[in-house]
Structures are given as C-alpha cells and as structure tokens.
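In: my questions are about this predicted structure, shown below with the sequence.
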Amino acid sequence: MTQKFTLEKFRNIGIIAHIDAGKTTTTERVLFYTGKTHRIGSVDDGTTVTDWMDQERERGITIASAAVSAVWKEYLFNVIDTPGHIDFTAEVQRSLRVLDGGIVVFDAVQGVEPQSETVWRQADLYGVPRICFVNKMDRVGASYERTIDMIRERLGANPLAVQLPIGEEAGYQGVVDLFSEKAIIWEDDLGKDPLETDIPSELLADAEQMRERMVEAIAETDEELTLKYLEGKEISVQELKTALRKAVIANQATPVYCGSSLKNKGVQPLLDGVIKFLPSPLDIPPVIGFHPKTGEEIERAADENEPLSALVFKIVTDPYVGRLAYFRVYSGKITSGSNVYNPVKSKRERIGRLIRMYADRREDIKEVKAGDIGAVLGLKNTFTGDTLCNEGVQIVLESIDFPDPVISVAIEPKTQADQEKMSGALHRLSEEDPTFQVRSDPETGQTIISGMGELHLEILVDRMMREFKVQANIGRPRVAYRETITKPVERAEYRHVKQTGGRGQYGHVVLELEPNEPGKGIEFVRKIVGGSIPKEFLPAVEKGVMEAVQGGIVGGYPVVDIIITLYDGSFHEVDSSEMAFKMAGSMAFREGMQAGKAVLLEPLMKVEVIVPDENLGDVVGQLNARRADILGMEIRPGSTQAIRAMVPLAEMFGYATELRSATKGRGVFSMEFDHYAQVSQSKIKEMVKSN
C-alpha cells in the first residue's frame, strides 16, 4: 500500500483533545470519507473502528490510542486516535512523541477544558505543529469566536480562523472558506458531497472582515508578506497558504476549522487542511540521537537510504496474534525477515511479520520505510521507548518520559490456579502500559498495582479478568504518598563499627542534605576530598543512600526532592568493606532525615467540576469537606458553572458517585495530578489512627 507514496505525501497525525470533545467521532468520519469504512460508526452504539476494546465500547471512551491508515487525495494518513481521559495521559504522550502533526478537537460549547490544556502542553513539549477543529457547532450554546478567544488566552497560542461558520446551533449548515471566498454547504445526511457555492449575502460583510483579519495575521508571520501588506498590494491565495504552512510547521500559528463530526459536517475541509498545513516527514528537522558507547550526537534525515533508526512507542498484547510492537521509522527501512539491533537492551531482534494496523484489523506488508508507522510481531526484548537500528551503525533515540503513578491497590488471586495466571497477566499489562506498575510489598507479601487513577486501575483489572481469565480480589485504593525534608542539614553522620571475633566492620560517612526544587527528585553529589573515603567504597555509600531513599522515616514512603552530598568520612585499613560503607550511608541518610524535619507529602489534583447553577452551593460544600482549595469559578453556557479547585487525591475517592447524586447525574468532573504538597499534622494523626 505504501509503495506508491513519496515522503512528501505522508501525514502522521494524532487526534487529541479533552474527553468527550469528539475525537473518536471525528476519526470515524475521516475513515468514512477516505473510503476505509462503508458505514459510519457511533461511539454511543459501540460500533466505532478505533474504540474496539470491550471496555471502550461499554464506557463510550477511548482507552488505548489506535492507529489507522487511510488515503485522502493521494496522500497517506497515519492517524492515531488518542484518549482524552487524564488517567490515560501516557497514551497521548507516546503518540505525540512519534507524530509529525496534530488535530486538536475542541467542544464549541465548553471551549478549552482542563485536558485540552494538558494535551496542548504535551504537544508543546514535543514541538508538534497543530491545527484546531471546533466541533459540535450544532449544539445549543456553541460559539466559534469564544472558543478561539479561549485558545488564545488559556493556551497562549496564535489561533487563525480560516473558516466562518454558516448558521449556528441547530441551524448550522456549513462554512465559508476564507481563502477561496466560497461557501461549503452540507445538504445530505452523510455529508459525502458538500456543495460549493457563493457566500450568502447576509454573511458577506462578516466574511470580508474575517478574511482581512486572517490575511493580516498570516502576513505578520512572513517579512515579505508584511511589506506587501503594508504597501497595500494584493497577496495571492497561494502566497497566503505557503506562508501559513511555514508558520504552522514553525509552531507560530494554528489554523482553526469548525464543524460537527456527529452531523457529518466540516470533516473534508479539515482533511484538506492537514494536507495543506501539517508537515510531511520531510518538513520536520532530522531526528537527533546519540551513540550508545561514545555519547556522540548523531543526526538522521528522513531518508530510506540512511542507516536505520526507529522508535518503538507502544506494545500491545493482541488476543489473536500475540505481542505487537508499534514503531515509527525515522530513517532507513525495516524489512520483514531482516535482523535489527536494540542498543538500549544490547540485543539482536529478528523482524517477523510486519503489519499495517487498521485499528483492530491488520494487513501484512513487506517493509516500512522512513517516515512511516508500522507494527511488528515477535520482538522479545523490546519495550516502549526502545530504539531499533543496524548493529554496525548504532544510534539511541530519545526515549519517552512517563509520569509516576499516584494511586495503588492491593490485588490477590481468588484461587491457587489464578496465582500463576495473574502474575503472567500483570506482567503483560505492565509491558503494554509504562504508567502501570506492579510490585510485591515485602512487609505484607501482597501484590500492589499502581496507576494514574481509579478508572485506570479499574480498566486494567477488568482487562485482566476478561482477556486473561483471572479471578482476583481488589483492596481499597491507596495514595502514593512521598516524604522529604523541610530544612537543610549540614552534617548527618554515621559511624558503622562492628567488632566480632576476627575481622571487624568499619565505615564512617558524613553527608549534607538540602531540600531540592519540587519535582527535581534525588540528586547524589560526591565531594570527597583528600581520600578520606577510598574511591572503591564510594559506589557502596551511594547504593546504601539510594536504598534508604526507598522508605522514609515518617511513614516508610519513598523520599523525593533532596540533594545529598557526601563530603567526608573515614576508613580503616583492614576492617573497612563495601558492606560497612553501604550500611553507614544508609544510616547517615536516616539520621539526616530526622534532623531535617522530615514531612509527609501527598499528591494534589487539579480538579474542574461543571455543575448546573442550582447545585453550585451543594457541590462547593462537598468540595470544602474534601479539603479542597477553590481556585475560581466561571459561568459556562447552558446555565452551568465551572469550579476549579486543588484537592488532595486521598479525598477524591468515591467523589464521582457523590457528585452524581448531588446533581441528579448532570454534574461532571475531571482531574489531573498537579504537584505534591505537605500533609497537615491533623491529617497525619487521622491517618495513624485509621491504620
């Protein structure tokens, strides 16, 4: 399928947005209009192509990003439909890492929502050029202008309206294309053959005004066009499109389209916009990696004749074919039956079947060239974030960083037969999802699973029971607390001396501890002068400290955000050993934690609750009872209010049910991890009592 496409005809794009903005519905329309499906799937009916897991169809949400390939006007689109729910943020992150462009979908009624901000920041992080699609223009309270203003104010973006809507709410019929100055009207229910016609007379003045604004904004991004504009010369449509394409690829502007995916209006111009303004693999800078042994920086251009460099961004356990690895080829090509090398794991891998994914269906292909995305069966030692290259010409590409889990539950198998099945299932699920962690609690012997939220863990346990046929009992959710110090400690000292018959043990360590910036983690600095501790014992001291960091002194939780400096100590010619210095490092750190007034930290969540006006008082009361810090409120369309608050995660368990009953099912909320903050003394006492 890919043989006839040159690199400039590729578009690797992701569809990203807040939950319920219409990403999956938009993807369905893309597949329908590109001829990939012959009927339109519905999220509500559970018949969409990209939401193919049972859990997605039952809940009407996207959980796993799905890759589909489609052709539009002789261009090959690799489209990834990503989840909107914050619990599955890793899916968005890994998709953005390998994409060249993104369509950000906004709800025309709600505008910019919390997860819209999150996915926008993630796209900023990877420098992904975007176009915006203001969806649900047919809904009551929809506003194109207000959404564009919110994109500008909340996201700090430079949105450029390239269309003007025709009609509003239930009367929404189509758009005016501000480039061609023509109206596009969708008359039939399937929206297959839009009618191009003249702009309705009542919209001529508005269209002229908006076009003038668009021309001025595009001219500002290009020096030559700025001069032309100031001199009052005519700027051609081609010049405008070329300049806008350059500005989009440089992340200086974002074209804004509008439509209603559910009503089959506005999707074809959006696809044209992807071709016109989003980059092909040739438009993005060469990928940068480094040599695994020398650390030297290496560049690879998007060219199939260059040495191979590919990044694995997703592992999926497919019930029919086994373990699938999705990858993006940046240079060179991967051929079925060839051998590749994983420099991260220092392992050779054989490429078995190569597959082009069509959501849950698949098509065998012979090779995947530079700029393309594919999937491979049978890789044994390769995981998310690993690089594939030629063994003779090695390169390691930048991996993908994932957030740490914030919530844990204990899980135990119901029968002995389930025990083995459960460990296998958990292992495979954690291979698929880097934000899902499994560990064994040494004190209780329980298996603890950790994830990004209640829904995340609920879905994973559900998958374990259905796909892997494991029966298990689940404990109560537990919060991932952390510990840190509140004041610097100049001297934390421990002398480990043990005299037994024969050779003794001696290790003496002096540390300095100081609080690090939040989110910076643990830094270990060696500042030993004059050989007070021999070089060969320094790694042992660091190992002892790093082991002690795993369990603090307040509640045994991992310690974060401390700079630990090893600057003095002493040794004994005969009795000193690695074991003694490891012990001394561990105990000196614990002494330092005591002296540094160690405190407990808890994850605080940024919460947005949308409620009907009449329930506002009750909901604010509920939030206050959950130790919320109310940050602000704003009026939203349809007699609703949005409450923004910072709430400890420990207080958010069971909130969905409480909100539903207080608002008769009309209230919705979303939350995402924001930062760790100190737990109050009264809360610590309460926790000690309940344990």
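Out: Great, that's in hand. None of these values were measured; they are calculated from a predicted model.

In: quick one, phi/psi of D618?
Out: phi -60, psi -40 (degrees, to the nearest 10).

In: so what's the residue count around it?
Out: Neighbour count for D618, taken as other Cβ atoms under 10 Å: 16. Glycine gets a C-beta too; all of them are placed from N, C-alpha and C.

In: so it makes contact with A662?
Out: Yes: taking contacts as Cβ atoms under 8 Å, D618 lies within contact range of A662: 5.0 Å.

In: now do the shared contacts for the two.
Out: By Cβ atoms under 8 Å, 6 or more residues apart in numbering, D618 and A662 have no common neighbours.

In: so where's the protein shaky on pLDDT?
Out: 1-3, 36-66, 81-91, 94, 318-321, 357-361, 442-444, 500-502, 638, 687-691 (pLDDT under 70).

In: quick check: A480 touching P403?
Out: No: in terms of Cβ under 8 Å, A480 does not count as a neighbour of P403; the distance is 11.1 Å.

In: which of the two has more residues huddled nearby?
Out: A480 (20 against 14).

In: the more buried one: what's it in contact with?
Out: Counting by Cβ under 8 Å, 6+ apart, A480 makes contact with 404-408, 450, 557, 603.

In: burial of G519, as a residue count?
Out: Counted with other Cβ under 10 Å, residues neighbouring G519 total 9.

In: how far away is it from D674?
Out: 11 Å (Cβ to Cβ, to the nearest Å).

In: and what of E512?
Out: For E512, the distance to D674 - Cβ to Cβ - is 30 Å.

In: what does G665 give?
Out: Counting by Cβ to Cβ, the gap from G665 to D674 is 27 Å.

In: do the same with N78
Out: 33 Å.

In: swap in P159?
Out: If you go by Cβ to Cβ, the gap between P159 and D674 works out to 26 Å.

In: what about the two, which has more around it?
Out: The residue with more neighbours, out of P159 and D674, is P159; 22 against 14, by other Cβ under 10 Å.

In: show me what contacts the more buried one?
Out: Going by Cβ under 8 Å, 6+ apart, P159 touches 132, 148, 151-152, 253-256.

In: one more time with 7 Å
Out: 132, 148, 151-152, 254, 256 (Cβ atoms under 7 Å, 6 or more residues apart in numbering).

In: again with P200
Out: So P200 contacts 166, 183 (Cβ under 7 Å, 6+ apart).

In: measure stretch 634-648 end to end?
Out: One end of stretch 634-648 sits 22 Å from the other (Cα to Cα, to the nearest Å).

In: which residues touch it?
Out: 109-110, 140-141, 602, 604-613, 616, 619-620, 623, 626-633, 674.

In: what's the answer for stretch 551-558, then?
Out: With contacts defined as Cβ under 7 Å, 6+ apart, stretch 551-558 is touched by 481-483, 549-550, 559, 590, 593-594, 598-600.

In: do the same with stretch 511-528
Out: Outside stretch 511-528, the residues touching it (Cβ under 7 Å, 6+ apart) are 484-486, 488-492, 538, 542, 545, 549, 560-567, 588-589, 592, 596, 675-676.

In: OK, contacts around E651?
Out: So E651 contacts 626-627 (Cβ under 7 Å, 6+ apart).

In: let's see it at 8 Å
Out: Neighbours of E651 in contact, by Cβ under 8 Å, 6+ apart: 626-628.

In: between those residues, which has the most around it?
Out: That'd be A628 among the contacts of E651, by other Cβ under 10 Å, with 21 neighbours.

In: helix/strand/coil for the most centrally placed residue in the chain?
Out: With distances taken as Cα atoms, centre = their mean, Q93 lies nearest the centre of the chain, 2.8 Å away. Secondary structure state of Q93, per DSSP: H, G, I helix; E, B strand; the rest coil, is helix.

In: distance of it from I80?
Out: The gap separating Q93 from I80 is 12 Å, by Cβ to Cβ.

In: what does R11 give?
Out: Noted for R11: a distance of 11 Å to I80, by Cβ to Cβ.

In: more crowded one of those two?
Out: Neighbour comparison, R11 and I80: the larger count goes to I80, with 28 against 23 (by other Cβ under 10 Å).

In: for the more buried one, helix, strand, or coil?
Out: State at I80, reduced to three classes by three-state DSSP: strand.

In: in the sheet, who's paired with it?
Out: G14, A67 (DSSP bridges).

In: isn't it right up against L99?
Out: Yes: between I80 and L99 a contact is recorded at 6.5 Å, counting by Cβ under 8 Å.

In: okay, and the common contacts of those two?
Out: By Cβ under 8 Å, 6+ apart, I80 and L99 have these common neighbours: 13-14.

In: touching stretch 275-286 from outside, list them.
Out: Against stretch 275-286 from outside (Cβ under 8 Å, 6+ apart): 7-13, 72-73, 75, 100-102, 129, 131, 241, 244-245, 248-249, 255, 299-302, 331, 370-371.

In: centre of the chain to that stretch, how far?
Out: On the basis of Cα atoms, centre = their mean, to the nearest Å, stretch 275-286 sits 22 Å off its chain's mean C-alpha point.

In: can you check the distance spanned by it, start to finish?
Out: Separation of the first and last residues of stretch 275-286 by Cα to Cα is 20 Å.

In: please apply the same query to stretch 342-355.
Out: Stretch 342-355 end-to-end distance (Cα to Cα) = 20 Å.

In: could you pull up the residues touching A250?
Out: P129.

In: in the stretch 101-250 of the chain, which spans are strands?
Out: Counting by DSSP state E, counting those that start in this stretch, the stretch 101-250 of the chain has strands at residues 101-107, 130-135, 159-161, 163-166, 174-177, 182-185, 195-197.

In: for those strands, could you give me CSV that also reports distance to R211?
Out: Formatted as CSV, those follow (distance: least, Cβ to Cβ, whole Å):
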stretch, distance to R211
strand 101-107, 22
strand 130-135, 18
strand 159-161, 10
strand 163-166, 8
strand 174-177, 9
strand 182-185, 12
strand 195-197, 17
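
In: any idea which of those is most buried?
Out: Stretch with highest mean neighbour count among those: strand 130-135 (a mean of 28; mean count of other Cβ atoms under 10 Å).

In: helices or strands up against that one?
Out: With contacts defined as 3 or more Cβ pairs under 8 Å, 6 or more residues apart in numbering; DSSP states H and E, strand 130-135 has these neighbours: helix 23-33, strand 101-107, helix 144-155, strand 254-258, helix 267-277.

In: from the chain's centre, how far out does the strand ranked longest in the chain sit?
Out: Criterion DSSP state E: the longest strand present in the chain is strand 599-612. With Cα atoms, centre = their mean as the basis, strand 599-612 stands 19 Å off its chain's centre.

In: repeat that for stretch 554-569.
Out: So, by Cα atoms, centre = their mean, the centroid of stretch 554-569 is 30 Å from its chain's centroid.

In: okay, that stretch in CSV with CA atoms only?
Out: Output in CSV follows, covering the C-alpha atoms of stretch 554-569 (Å, rounded to 0.1, in the frame of the first residue of the first chain):
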residue,chain,number,x,y,z
VAL,A,554,7.6,9.3,58.6
GLY,A,555,5.5,6.5,57.1
GLY,A,556,8.0,4.4,55.1
TYR,A,557,7.1,6.2,51.8
PRO,A,558,9.7,6.9,49.1
VAL,A,559,11.7,10.1,49.6
VAL,A,560,11.8,12.8,46.9
ASP,A,561,13.4,16.2,46.1
ILE,A,562,16.6,16.1,48.2
ILE,A,563,20.2,16.9,47.3
ILE,A,564,22.5,14.6,49.2
THR,A,565,26.2,15.5,49.3
LEU,A,566,28.8,13.0,50.5
TYR,A,567,31.7,15.2,51.7
ASP,A,568,33.6,13.4,54.5
GLY,A,569,34.1,10.2,56.3
